[in-house]
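**Student:** Can you look at this prediction? I've put the sequence above it.
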Amino acid sequence: AIFVHAMGEDDDDVYVIRGVILDQPTPFTLGEMMEHNPALQKTPLKDNLLFRGGDKGGDQVVLLHNHEEIGQSSIGVSGVFQGGFDQAMAACEKGQ
């Protein structure tokens, strides 16, 4: 499955569709791949599986969630939000 999150012209006026591939889980959790981040290790975020994307993005992580209170803008009218990793970490630290 691919979650399409943007469509339109890029900086070179080429029409592009940007999406995140969601059906390629890895055997790794966020915590395993970010062992160097002690703050993350104290949160439930560390237990989330990572999904491998396509051939773009390399070592980037895209956080998709349904928590409007994190303060990110919705992707269309889907009820899905992108980003907000720092805000999610802060919410976890507060026990939310």
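**Tutor:** Everything's here; your move. Numbering: from 1, shown residues only.
**Student:** pretty sure A91 is touching Q72, no?
**Tutor:** No - counting by C-beta atoms under 8 Å, A91 sits too far from Q72 to count as a contact (12.0 Å). All C-beta spots, glycine's among them, are computed from the backbone N, C-alpha and C.
**Student:** For I17, what are phi and psi?
**Tutor:** phi -120, psi 120 (degrees, to the nearest 10).
**Student:** Report the secondary structure state of the residue nearest to it when sequence neighbours are not counted.
**Tutor:** Counting by C-beta to C-beta, 6 or more residues apart in numbering, M7 is the residue found nearest to I17 once chain neighbours are left out, at 4.9 Å. Three-state assignment for M7 (DSSP: H, G, I helix; E, B strand; the rest coil): strand.
**Student:** quick one: contacts for M7?
**Tutor:** Shown in contact with M7 (C-beta atoms under 8 Å, 6 or more residues apart in numbering): Y15, V16, I17, R18.
**Student:** What separation do you get for it and H65?
**Tutor:** 21 Å (C-beta to C-beta, to the nearest Å).
**Student:** Contact partners for the residue positioned nearest the centre of the chain?
**Tutor:** A centroid search over the chain (C-alpha atoms, centre = their mean) returns L63, at 1.4 Å, as the residue closest to the centre. Counting by C-beta under 8 Å, 6+ apart, L63 touches Q82, G83, G84, F85, A88.
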